[in-house]
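> this one's structure only:
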């Protein structure tokens, strides 16, 4: 187990870390806290959402709490999380437990804790819970349990339906008859979650037509994350104009977060929704109490605060900070970027349903359309253009990646971002991110999630055109190059699985030539594949790094267009030429124009999703080429070769990762620091010489060159003696293999003698593997690590490629 309460409870993958034992451990921590604080008689409210087995996890928690002689108020049905916050407060319980993972993927579940006020448990309470949890994680058998039936017979469990009390309270906040008689058409999105049926009960039954989508239970959530943002709610957005709707109201899986769309089906960002709700409370309700916002919330709140004389408090992300601050300051409202909004007249906790109804009331009171209200807000407090990008990480290595990324963020000091000067840099007090304020009032926030393995990049700008460039710049700041290097085995496995299941026409296996069109990191995989399969392929295979295509490419050719971004102009040029000549084309990409054009032309597209610099995705570019060639029948099944090779790489990883005691990669990096490295290789390993050169250039920001055997013996050796300064600056890396051609082995020995005569430093690098693929992958893995460590010694960030970005920008401008 590894139970840590993040920004909103603990969440984990079901049947992995999230187990009945883990839930019982959490429940015991709450039970002990309640007993310690004299709340056993007041008891604990326990509720649940519609996720897989949530009701059973809730029952397991109830058994543990009851075993501590603590009264349990156990829900009989799934309901919105906020209804359990209300029940905790109304029933005067000492605490509340909600089994939910909010808007996490369907694979997860979670454990939220509520304070007696109904608010999310604060940091101090959570620290006390975690102090109990730590020893229990190692000894779950110490958890006390009582069978549910025994607890019932002893009167420890009181079961209740949370819906009636909650609905009655919501009815006190609004004129529901006015809603029902307004004659609106309201499209509501429940996302298969706990809000199913609630909007029709609250505002339906009169002239107003309520169109509810996905109100039934589906623990799979239709295959999307139950977060009310695009693309998860694309169907909902389309239905609004199709139904001639006046507004679209949405909530997340446990209904405590709100989503909004205007009458045209245009999504309204959560930042704009916060500003609209604040404006509503000031304008319609006449309130002037403070508001609380998180660090990732809109600057429009500050402008509205100035206009209405409302104090604005800023806190870290999470309602465990917002709720207590609302109570401390007497705030009328608190909210966060994820769509969670709490209101003092209701609860110091999120409520997506009430937030949506407040906006509906805004429409009703002002008799304005959503688009009209938004336009007026932008004139008053805008403009505001906002988006967020989620960079997904490997859960198994997320903790280590967080430490590396936070170290990078603390060192980041860019003078400009997205074309604007950086005015101020603020490192969050919670040590989970950094915010950059620009000279025009725009901002960029990079934050590591406390509930999911992902890095979130947020940005708010004054113009739409500046938003994407700022987000692009933000993505580059926390790039985890070391994590990407470590991911090589994962990349290979993922790529192989994707490629060998790809849908490719049988005719693609009947060609006379194969051409891989690509550049940089997207091309090197083709080089390695061609070299590895040279003895097996019955047709020639080449790699094309340029515009257009060779003259021999025609209808009987297979062109594999490989571009990580899908926007590489040379690869797009080759694609267009292949299409014109009637060649068989296969696209390998993450998306971009290449995927769009290939699909429009009816060509097969093999896509993958992985956030990294192209050079850090070699596992995909190689694995996809090998896998698709196998899929098309050009070679035998390489599954066993890959398995053996990756086992060898795993053994190597133990010796080269950043924490290794005896680290050969660090030792070599120190020896090569300050040197210009020339890489020499032969055969398949000759391709690696090009790879090493590229990694020294791009990772280490270092001069480097490469050459291949036997060609270098026909010219390069003659130049060894001059200029004499080469002796002080050069180191030649001789990349060797036991599988080298016998003549190459002799050539290498003679080359070493000639280097010695010229007094040029040289080092030999060789790996032993179960097959040639193993040797190649070990060399990739090792030299990538070395180039990373050389970058650190150079005082350089191994991730960005400022010169290439500058070049692309100039090419885009045509000057």
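Received it, and whenever you're ready, just let me know what you need. All of these numbers come straight from a predicted model, not from anything done at the bench.

> so, low pLDDT: which residues of the stretch 601-750 of the chain?
Where the stretch 601-750 of the chain drops to pLDDT under 70, the residues are 658-661.

> what about 90?
Residue ranges of the stretch 601-750 of the chain with pLDDT under 90: 609-617, 650-664, 683-684, 687, 710, 726, 738.

> how about the strands in it?
605-607, 676-682, 704-709, 730-736 (DSSP state E, counting those that start in this stretch).

> name the helices or strands packed onto the last one?
Right, strand 730-736. Other elements packing on strand 730-736 under the criterion 3 or more Cβ pairs under 8 Å, 6 or more residues apart in numbering; DSSP states H and E are strand 676-682, helix 683-698, helix 742-757, strand 761-766. (C-beta placed from N, C-alpha, C; glycine too.)

> let's have those in JSON lines, adding mean neighbour count.
Shown next, in JSON lines, are those (neighbours: other Cβ atoms under 10 Å):
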{"stretch": "strand 676-682", "mean neighbour count": "25"}
{"stretch": "helix 683-698", "mean neighbour count": "24"}
{"stretch": "helix 742-757", "mean neighbour count": "14"}
{"stretch": "strand 761-766", "mean neighbour count": "15"}
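
> in a strand, residue 561, correct?
Yes. Under DSSP: H, G, I helix; E, B strand; the rest coil, residue 561 falls within a strand.

> contacts only, for the residue lying closest to it once chain neighbours are set aside.
Leaving aside its chain neighbours, residue 561 sits nearest to residue 575 (4.5 Å; criterion: Cβ to Cβ, 6 or more residues apart in numbering). Going by Cβ atoms under 8 Å, 6 or more residues apart in numbering, residue 575 touches 517, 559, 561, 585, 587, 594, 597, 598.

> run the last query once more with 10 Å
Neighbour list for residue 575: 517, 549, 559, 561, 563, 566, 568, 583, 585, 587, 593-594, 597-598, 601, 603 [criterion: Cβ atoms under 10 Å, 6 or more residues apart in numbering].

> cool, residue 253 as well?
So residue 253 contacts 49-51, 80-81, 100-106, 190-195, 219, 221, 225-228 (Cβ under 10 Å, 6+ apart).

> secondary structure class of it, three-state.
Under the three-state scheme (three-state DSSP), residue 253 adopts coil.

> picking that back up, may I see the strands of the stretch 601-750 of the chain arranged in a markdown table, with distance to residue 468 as well?
Converted to a markdown table, those look like this (distance: least, Cβ to Cβ, whole Å):
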| stretch | distance to residue 468 |
| --- | --- |
| strand 605-607 | 21 |
| strand 676-682 | 37 |
| strand 704-709 | 33 |
| strand 730-736 | 40 |
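
> nearest to residue 315, out of those strands?
Among these, strand 605-607 comes nearest to residue 315, with 39.4 Å by Cβ to Cβ.

> so how far is that closest one off the chain centroid?
Its chain's C-alpha centre lies 20 Å from the corresponding centre of strand 605-607 when counted by Cα atoms, centre = their mean, to the nearest Å.

> ok, back up a step: buried among the contacts of residue 253? Need that as a selection in PyMOL.
Restricted to buried positions by 16 or more other Cβ atoms under 10 Å, the PyMOL selection for the contacts of residue 253 reads:
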select buried, resi 49+50+51+80+81+100+101+102+103+104+105+106+190+191+192+193+194+195+219+221+225+226+227+228
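
> quick one: which of the contacts of residue 253 sit in strands?
Judged by DSSP state E, strands contain none of those.

> now, the contacts of residue 253 that are in helices?
residue 81 (DSSP state H).

> give me the element the residue nearest to residue 561 is part of.
According to DSSP states H and E, residue 575 maps onto helix 569-581.

> please apply the same query to residue 125.
Using DSSP H and E, residue 125 sits in helix 123-138.

> can you list the domains in this structure?
According to automatic domain parsing, the chain comprises the domains 10-162, 174-381, 387-475, 488-637, 654-793.

> let's have these in CSV, adding distance to residue 808.
CSV is the format used below for the domains of the chain (distance: least, Cβ to Cβ, whole Å):
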stretch, distance to residue 808
domain 10-162, 34
domain 174-381, 28
domain 387-475, 11
domain 488-637, 9
domain 654-793, 14
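
> so which of these gets nearest residue 4?
So among the domains of the chain, domain 10-162 is nearest, using Cβ to Cβ, at 6.5 Å.

> the helix holding residue 125: which residues count as buried?
Across helix 123-138, burial judged by 16+ other Cβ under 10 Å covers 125, 126, 128, 129, 130, 132, 133, 136.
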